[in-house]
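1. Based on what follows, work out the 3D shape:
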Amino acid sequence: MFQQQLFQQLVRTARGRRTASPLQRMMALAGMVAFTFTTLMPQAVWAQEAGADDQKILHVLNRLTYGPRPGDADDVKSMGIEKFIQLQLHPESIPMPQDLAAYLQSNESINTGALEMFQQYGPPAIKAAADAQKTGNDIEDRQLKQQVQRKNYQKLYSEAAGARLRRAVESPRQLQEVMTDFWFNHFNVSADKGLCHLWIGDYEQDAIRPYCMGKFRDLVEATSHHPAMLFYLDNWQNTKASDAAPGNGKSKFKGLNENFARELMELHTLGVDGGYTQQDVIQLAKVLTGLGLPPGRGGQRVGAGGHIEKFGAYFDPARHDFSDKVLLGVTIKGTGEQEIEQAIDLLCHQPATAHHISYQLAQYFVADEPPKTLVDKLTKKYEQTDGDIRAMLDEIFHSPEFWDKKYASAKFKNPYRYVVSSLRAANVALEDYKPVLGFCALLGMPTYRCLTPDGYKNTQVAWLSGDTILQRIQFATGLGSGKLPNNPLDPLKSQDVDKAVSGIFTQSTLDVVAQAPPPLKASLLLGSPEFMNY
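-> Numbers count the residues shown, from 1 in each chain. The predicted model follows:
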């Protein structure tokens with residue numbers, strides 16, 4: 001009751017400022033909603049005015065997709081929730097819109113392999129382009145080289161991030177987009193580390209997307225053998241200890257580098273409490289010696305007998321430690337590249353890995369503190385199916401925990417999900433996604449640019465604050481008024497937004513919106529406390 005009275009009083013105050021411009025009144029209202037949200041955040045509940053079936057439809061759309069578009073709820077009601085779930089679990093059965101498919105096909109960043117991308121945009125190409133404009137002045141020539149490098153970065157990053165966002169907004173294969181984002185974050189690499197910007201699009205396209213609902217081991221295999229990961233976590237420099245000897249001339253290689261080995265266990269498979277020791281980290285690092293980048297990609301010297309892997313990695317036996325290793329109590333004979341496969345098998349079949357992945361999925365799809373009963377069921381499903389992600393998702397979507405009302409609208413949207421869900425609810429396809437990328441960066445979630453290997457957090461505590469809520473409402477104001485930079489948009493109609501997400505808004509919010517000036521109504525819905533949750 002107090003929340004409703006506060007909303008109404010603040011709206012009357014804002015509307016009473018007759019000398020204020022429309023934009024100033026919008027910002028005043030935005031600040032009011034931010035204040036109310038952060039001080040009186042409503043308890044997540046199923047909307048009372050919605051029917052039971054409508055509630056379930058909205059819930060499944062919020063969790064399996066980035067949020068409903070106008071008409072989505074009617075489509076699910078027509079086909080039934082079960083059929084919708086099965087379609088999303090098998091995205092290959094859902095046709096892609098022709099314009100989206102054509103756009104993706106023309107996107108160089110996601111359609112060019114890692115090795116070709118290095119040849120076209122890597123250091124040799126940058127040097128050649130700069131040399132073609134050489135002035136003879138060292139300072140100017142360095143600046144030319146930096147300009148070419150910045151231009152390449154901006155092109156490749158914009159293409160990859162634009163493809164990610166457009167897919168998330170427009171693709172009917174929504175669960176595939178949700179899971180691609182989930183696994184990219186789990187196996188995070190940052191475009192801001194050196195050569196990784198060359199490969200970020202291919203990393204997602206070839207090492208994440210095809211396996212996002214397949215076997216977990218295949219994901220580990222793919223990400224472990226992609227140049228983006230090997231460069232990001234420095235395994236391209238990981239070499240046998242004898243190569244660290246003084247005077248060997250291999251300046252890039254100074255013996256074991258444990259970075260990738262540690263994160264492969266701590267983040268990707270076993271989890272921080274997975275039972276491994278520092279000695280296990282060292283042993284795994286030895287197993288991974290010699291797995292790096294092809295000749296000329298990073299300046300390493302290579303010996304005879306090396307070969308390029310499927311995803312663009314290079315195994316160099318001359319840099320590999322051929323001693324026997326003991327990993328997690330299991331002896332791995334020093335046979336070379338086969339050791340890596342044995343180690344991945346060992347890690348992916350550990351009970352700790354089954355539990356770690358199950359917890360992450362349950363947290364993502366159900367609650368920040370997932371119910372132990374669900375985590376246990378998923379752990380068992382992982383072990384029964386040899387890490388079949390689709391089977392684990394199916395288990396989640398048919399579990400009583402997933403459908404428990406206390407978990408409905410209990411997840412707080414991170415900046416990326418908030419933006420995408422807003423564009424979907426508004427039924428907007430942008431011509432230029434740069435303003436959206438800038439907004440995500442402003443809120444601390446730049447796309448493809450999380451610097452730490454643990455990725456972005458998936459909990460409310462990481463994203464909820466007064467400042468960030470105000471920024472979200474400013475975005476909603478710009479979108480609602482049709483004033484996103486570089487995008488010719490019409491002002492949104494509140495009834496269109498309400499139709500897309502009908503049933504989530506409390507009467508208090510609807511009363512506030514009813515009293516607001518017409519240009520603000522849609523923005524207030526997108527900036528409401530209810531829309532921030534899913």
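2. how much space between V375 and D181?
-> 21 Å (Cβ to Cβ, to the nearest Å). (Glycine included, C-beta is placed from N, CA and C.)
3. More neighbours: which of those two?
-> Between V375 and D181, counted using other Cβ atoms under 10 Å, the more crowded position is D181 (24 against 21).
4. just how off-centre is the helix or strand hosting that one within its chain?
-> D181 belongs to helix 174-186 when assigned by DSSP states H and E. With Cα atoms, centre = their mean, to the nearest Å as the basis, helix 174-186 stands 6 Å off its chain's centre.
5. For stretch 180-196, list every residue counted as buried.
-> Buried residues in stretch 180-196, counted by 16 or more other Cβ atoms under 10 Å: 180-192, 195-196.
6. Convert the C-alpha atoms of it to PDB, please.
-> Presented in PDB, the C-alpha positions along stretch 180-196 are these (Å, rounded to 0.1, in the frame of the first residue of the first chain):
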ATOM      1  CA  THR A 180      25.200 -20.100 -26.000                       C
ATOM      2  CA  ASP A 181      25.400 -17.100 -23.700                       C
ATOM      3  CA  PHE A 182      25.500 -19.400 -20.600                       C
ATOM      4  CA  TRP A 183      28.300 -21.500 -21.900                       C
ATOM      5  CA  PHE A 184      30.300 -18.700 -23.300                       C
ATOM      6  CA  ASN A 185      30.200 -17.100 -19.800                       C
ATOM      7  CA  HIS A 186      31.200 -20.400 -18.300                       C
ATOM      8  CA  PHE A 187      34.200 -20.800 -20.700                       C
ATOM      9  CA  ASN A 188      34.800 -17.100 -20.800                       C
ATOM     10  CA  VAL A 189      37.500 -15.400 -22.900                       C
ATOM     11  CA  SER A 190      37.900 -11.700 -23.300                       C
ATOM     12  CA  ALA A 191      38.200  -9.800 -26.600                       C
ATOM     13  CA  ASP A 192      40.300  -7.200 -24.800                       C
ATOM     14  CA  LYS A 193      43.300  -9.600 -24.300                       C
ATOM     15  CA  GLY A 194      45.700  -9.400 -27.200                       C
ATOM     16  CA  LEU A 195      44.900 -11.600 -30.200                       C
ATOM     17  CA  CYS A 196      41.600 -12.800 -28.700                       C
END
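7. so for it, what's the average pLDDT?
-> The average pLDDT for stretch 180-196 rounds to 97.
8. How about the contacts made by the residue nearest to the spatial centre of the chain?
-> Nearest to the geometric centre of the chain sits D181, at 3.3 Å (Cα atoms, centre = their mean). Contacts for D181 (Cβ atoms under 8 Å, 6 or more residues apart in numbering) come out as 164, 168, 416.
9. What segments of the stretch 301-450 of the chain are helices?
-> 338-348, 351-365, 372-385, 389-397, 415-425, 434-442 (DSSP state H, counting those that start in this stretch).
10. Name the stretch among those helices that sits most buried.
-> helix 415-425 (a mean of 25; mean count of other Cβ atoms under 10 Å).
11. could you check the angle helix 174-186 makes with that helix?
-> 160 degrees (axes from the mean of the first three to the mean of the last three Cα atoms, to 10 degrees).
12. what helices or strands is helix 415-425 leaning on?
-> Helices and strands touching helix 415-425, as assessed by 3 or more Cβ pairs under 8 Å, 6 or more residues apart in numbering; DSSP states H and E, comprise helix 138-170, helix 434-442, helix 466-480, helix 494-500, helix 529-532.
13. Quick one: residues in contact with that helix.
-> The contact list for helix 415-425 (Cβ under 8 Å, 6+ apart) reads 65-70, 165, 168-169, 181, 413, 429-430, 436, 439-440, 443-445, 447, 463, 468, 472, 475-476, 479, 497, 500-501, 526, 531-532, 534.
14. A228 belongs to a strand?
-> No. Per DSSP: H, G, I helix; E, B strand; the rest coil, A228 lies outside any strand segment and is helix.
15. quick one, what contacts it?
-> Residues counted as contacts of A228 (Cβ under 8 Å, 6+ apart) are 114, 189, 196, 199-200, 202-203, 207.
16. Using TSV, lay out the residues you listed together with distance to T385 and secondary structure.
-> TSV is the format used below for these (distance: Cβ to Cβ, whole Å; DSSP: H, G, I helix; E, B strand; the rest coil):
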residue	distance to T385	secondary structure
A114	30	helix
V189	28	coil
C196	33	helix
W199	31	helix
I200	31	helix
D202	29	helix
Y203	26	helix
A207	22	helix
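17. didn't G274 look like it was pressed against A354?
-> No. G274 lies out of contact with A354 (Cβ atoms under 8 Å); the separation is 10.5 Å.
18. Just the closest of the buried residues of stretch 180-196 to P124, please.
-> Using Cβ to Cβ, L195 is the member of the buried residues of stretch 180-196 that sits closest to P124, with 11.7 Å.
19. Tell me if I'm right that that closest one and H226 touch.
-> No. Shown here, L195 and H226 do not form a contact pair, counting by Cβ under 8 Å, at 12.0 Å.
20. Flag the shaky bits of this protein, pLDDT-wise.
-> 1-52, 243-251, 296-305 (pLDDT under 70).
21. Domain boundaries for it, per the record?
-> With domains defined by automatic domain parsing, the chain comprises 2-71+412-532, 98-214, 230-348, 351-407.
22. need the helices of the stretch 301-450 of the chain in TSV with distance to N486, can you?
-> Below are the helices of the stretch 301-450 of the chain laid out as TSV (distance: least, Cβ to Cβ, whole Å):
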stretch	distance to N486
helix 338-348	44
helix 351-365	32
helix 372-385	43
helix 389-397	36
helix 415-425	14
helix 434-442	6
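23. Of all those helices, which one is nearest F260?
-> Comparing these by Cβ to Cβ, helix 338-348 comes nearest, at 11.2 Å.
24. Who are the packing partners of that closest one?
-> Here helix 338-348 touches helix 216-224, helix 278-287, strand 325-327, strand 330-332, going by 3+ Cβ pairs under 8 Å, 6+ apart.
25. Please save the CA atoms from it in PDB.
-> Extracted C-alpha coordinates of helix 338-348, given in PDB (Å, rounded to 0.1, in the frame of the first residue of the first chain):
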ATOM      1  CA  GLN A 338      46.700 -38.400 -26.200                       C
ATOM      2  CA  GLU A 339      47.400 -37.400 -22.600                       C
ATOM      3  CA  ILE A 340      45.200 -34.300 -23.100                       C
ATOM      4  CA  GLU A 341      42.200 -36.500 -24.200                       C
ATOM      5  CA  GLN A 342      42.700 -38.700 -21.100                       C
ATOM      6  CA  ALA A 343      42.800 -35.700 -18.800                       C
ATOM      7  CA  ILE A 344      39.600 -34.200 -20.300                       C
ATOM      8  CA  ASP A 345      37.900 -37.600 -20.000                       C
ATOM      9  CA  LEU A 346      39.000 -37.900 -16.400                       C
ATOM     10  CA  LEU A 347      37.900 -34.400 -15.500                       C
ATOM     11  CA  CYS A 348      34.500 -34.600 -17.200                       C
END
